[in-house]
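1. sequence first, then the predicted structure, then my questions.
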Amino acid sequence: MSAVLEQEQPTVRATPHRSLRATIAQMLEVLAVLLAALTVLWGPLAQGSTFGWGRSGLTLLGLLTTAGMLVALAVRGRLPERSGPWPLVAVALLAWIWLSVRWAPTQSDALRSAALWTGILGTALTIQLLARGWRLWLGLGALLLAGATALVLAYLQTRGFMVPGYTYDPTAGIRVLTGPYFNASHFSGFLIVISALLMGLVLFTRLHLHTLVLLTLLTVLHMVNIKTDSSSIPAVLLASAMPFLVWVWTRQRWMGLVLTLVLLGGSLVAGQRFLTPQGQAIFAKYQLQLGLHNQWEKFFHIRQAVWRYGRTMWAEHPMTGLGTGQFYNEAPHYRASERAVGAGIDRLAVNYAHNDALQVGAELGLPGVALYALVVVLPLTRRGRSLPRLLWWSTLPAMLLAGTYDAHLTAIPGTAIAALSLAALAAAPGPRNQRAQRGLTNSDADDADLSVSTSDSDRNLSGLSA
């Protein structure tokens, strides 16, 4: 008689100690993500965190969030699975920022800047490592709430209401809207992120009641954006168009490629036409009807003068930069002789480079530029079509466009933390396949993420449709 031996699989039972530790770790992780959401809210709504109280608040909240993340990970005893290379790059950038404090001419400003960036990047790391599953919506929800609140403040501004205690640009008012920001252009830069987010959620989620709310907010956003009379208006419009292009790519790659080439070709032709005397005449004819008053030629000459500061600083310190937080203090040493006759930008205080690459290059040199570029680009390289990844594909091109003539990603803390938080969500891993999901342990269950289905019958799936 033959005996059939069945090999029993060992059963791993969770001890009370392990179960309690996992429960405490989960509670600490949720607390850290909630702190991260609060920090993301604070960033843009505290006047872009560009002034003393807003900047200090963002630094404090960001450091608390970072500390909460570190404690949660210490209790858990390991990093979440499939975190990818993005956290390592973000930590490397942060280490380089702190290293630059050593050679910075003004140590106090360098330390404050390094602490601020620790808060910003620490918050982004918290979101990337811990905002998995339903916690992801805490990050997206904070961005949506910040955007909606900013639009409400801008609308109230059209009724003559200015937030008590806020500092506004002298031009701000009923005709030039700044929202929660000091400067209208900085406000428009923040709207780039919100524009892509709103349009992306409309296209990448199933039609439902929330769709009408999103479209309403998007309509208000563009009405407000026009009244900023800023250079970032085209980037906000691009941010609303990009989700459609990304959506086409998810349907048919060849169609997405053709549409991309058509749009690039059309943009080049339109740009060349705009720069001709005839194009400028047409623009001047209609710009006042749109509520736009800035002159292109004046804008371009001012930007050229400002860019010279960043180029010269970076050229003199190509590998190290001047050190984090040093641009404003060192700018007076780079003024042209034009200041002596009291004409042009050199008679004013130049506070930042008005170009993302020049801003980072001037302060952190070539390694800083390379690391920051990896931080914003690496999320696009992860496999899978998670909702945040599609949103970041929709956002980044518009941010890069605006980054050629402004520095929303690097010089405006409130906008930087909003954009980097979305990048962090995009850098998080997508969901496992169904077979792998069946094998998830309880401690790994939170690794599930929102995804966009690629099946023909259900391409725009998200948690909102539940």
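-> Received, thanks.
2. mind giving me the packing neighbours of the helix or strand harbouring Gly54?
-> In this assignment (DSSP states H and E), Gly54 forms part of helix 52-76. When contacts are defined as 3 or more C-beta pairs under 8 Å, 6 or more residues apart in numbering; DSSP states H and E, helix 52-76 sits against helix 16-45, helix 107-130, helix 413-427. In short, each C-beta sits where N, CA and C put it, glycine included.
3. tell me which of these is the most buried.
-> Across the helices and strands packed on helix 52-76, the average number of neighbours (mean count of other C-beta atoms under 10 Å) peaks for helix 413-427, which reaches a mean of 28.
4. what's the angle from it to helix 16-45?
-> Calculated by axes from the mean of the first three to the mean of the last three C-alpha atoms, to 10 degrees, helix 413-427 forms an angle of 140 degrees with helix 16-45.
5. now for helix 413-427, which elements pack on it?
-> Helix 413-427 makes packing contacts with helix 16-45, helix 52-76, helix 107-130, helix 136-158, helix 184-204, helix 356-377, helix 387-402 when contacts are defined by 3+ C-beta pairs under 8 Å, 6+ apart.
6. quick check: buried residues in the following helix or strand past the helix holding Gly54?
-> Sequence order places helix 86-100 as the next helix or strand after helix 52-76, per DSSP H and E. Buried positions in helix 86-100, judged by neighbour count with 16 or more other C-beta atoms under 10 Å: Trp86, Pro87, Val89, Ala90, Ala92, Leu93, Leu94, Trp96, Ile97, Trp98, Leu99, Ser100.
7. just give me the closest of the residues you listed to His210.
-> When those are ranked by distance to His210 (C-beta to C-beta), Trp86 comes first, at 28.9 Å.
8. Ser230 belongs to a helix, doesn't it?
-> No - if the criterion is DSSP: H, G, I helix; E, B strand; the rest coil, then Ser230 is coil and not within a helix.
9. run a quick neighbour tally on it.
-> Using other C-beta atoms under 10 Å, Ser230 has 26 other residues around it.
10. one more: the one 3 residues further on?
-> The criterion is other C-beta under 10 Å. On that basis, Ile233 has 22 neighbouring residues.
11. I'd guessed it sits against Ile226; true?
-> Yes - here Ile233 reaches Ile226: they are 6.7 Å apart, a contact under C-beta atoms under 8 Å.
12. so who does the residue nearest to the spatial centre of the chain touch?
-> Nearest to the geometric centre of the chain sits Ala419, at 0.5 Å (C-alpha atoms, centre = their mean). Counting by C-beta atoms under 8 Å, 6 or more residues apart in numbering, Ala419 touches Val193, Val376, Thr395, Met399, His408, Leu409.
13. which of those residues are buried?
-> Buried by 16+ other C-beta under 10 Å: Val193, Val376, Thr395, Met399, His408, Leu409, out of the contacts of Ala419.
14. Gly77: which of those residues is nearest?
-> Closest approach to Gly77 among the buried ones among the contacts of Ala419 (C-beta to C-beta): Val376, at 30.7 Å.
15. just the pLDDT at the closest one, thanks.
-> Listed pLDDT for Val376 reads 97.
16. show me where the stretch 251-400 of the chain has helices.
-> For the stretch 251-400 of the chain, applying DSSP state H, counting those that start in this stretch gives helices covering 253-275, 277-287, 296-316, 327-330, 356-377, 387-402.
17. got the CA coordinates for the shortest one in CSV?
-> Taking only C-alpha atoms (Å, rounded to 0.1, in the frame of the first residue of the first chain), the coordinates of helix 327-330 have been written out as CSV:
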residue,chain,number,x,y,z
PHE,A,327,20.8,84.0,-4.7
TYR,A,328,19.1,87.0,-3.1
ASN,A,329,22.1,88.0,-0.9
GLU,A,330,24.7,87.6,-3.6
